[in-house]
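Student: Could you work out the structure for the sequence below:
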Amino acid sequence: MSFNIYVSGVTGVTKGGGLGSFRYSKDNCVDQDSFDPPALWKLIPSSPDATGVAEKIAGTPEDQLTDAVISGMSKIAEIELAHMVRTGVDLLAMHGSGGEISVYCVQKSWYWADTNSFVNFKFSSSNDPGRDFLKAIGPRLVKTELNNYGVLAQIAIALSQYDSALPSSASTNLNISLDH
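Tutor: Presented below is the predicted three-dimensional model:
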């Protein structure tokens, strides 16, 4: 399964007096369901000598990929990407005063009504904005089945690009829309 992300934001006042804008969008983003460790092993180039020695000692790479190992790899990815989102939000909190990030999530359904959720996170109400942002969006991502590391990765990328585009004195004003 894949998802789409669309992000827009204001980047402060431009030289002409208007507001600058930021856009980021990507369709068909890879999510956790696309993670296939055996396929990833095949992408790693190997030399015949090193492969033969390693297989005699430890077995083939496919033998090492138990469900517990794959689950552990997925959990490490979630932790690292959550950390990247947290860092991105913390960096945005250093810009200007106040600011907010709105997140809208939609799970489209062909057989029933769509499931959606919305959260508006304000920087002024938090002493630890990165952690509080993740706590605010977490239940909404779960509700719409967007709680995976592919989504966290795309949010982290968007936050990083927005941080680069935002002048140091401008306040954060960002809208994130996710759907699948």
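Student: Would you map the helices across the chain?
Tutor: 37-43, 48-58, 61-64, 67-93, 129-143, 149-165 (DSSP state H).
Student: What is the longest one packed up against?
Tutor: Taking 3 or more CB pairs under 8 Å, 6 or more residues apart in numbering; DSSP states H and E as contact, the helices and strands that helix 67-93 lies on are helix 37-43, strand 99-107, helix 129-143, helix 149-165, strand 172-179. The C-beta positions use only the backbone N, C-alpha and C, and glycine is treated the same way.
Student: need those in CSV with mean neighbour count, can you?
Tutor: Shown next, in CSV, are the helices and strands packed on helix 67-93 (neighbours: other CB atoms under 10 Å):
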stretch, mean neighbour count
helix 37-43, 11
strand 99-107, 20
helix 129-143, 18
helix 149-165, 21
strand 172-179, 21
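Student: Determine which of those approaches R86 most closely.
Tutor: helix 129-143 (3.2 Å; CB to CB).
Student: give me every residue that touches the most centrally placed residue in the chain.
Tutor: Among the residues of the chain, the one closest to the centroid is L152, at 1.9 Å (CA atoms, centre = their mean). By CB atoms under 8 Å, 6 or more residues apart in numbering, the residues touching L152 are E78, L81, A82, M84, V85.
Student: any idea which of those is closest to G12?
Tutor: V85 (22.7 Å).
Student: hang on, that closest one packs against L134?
Tutor: Yes - the pair V85 and L134 qualifies as a contact (CB atoms under 8 Å) at a distance of 6.3 Å.
Student: low-scoring stretches of this protein, by residue?
Tutor: 13-18, 32-65 (pLDDT under 70).
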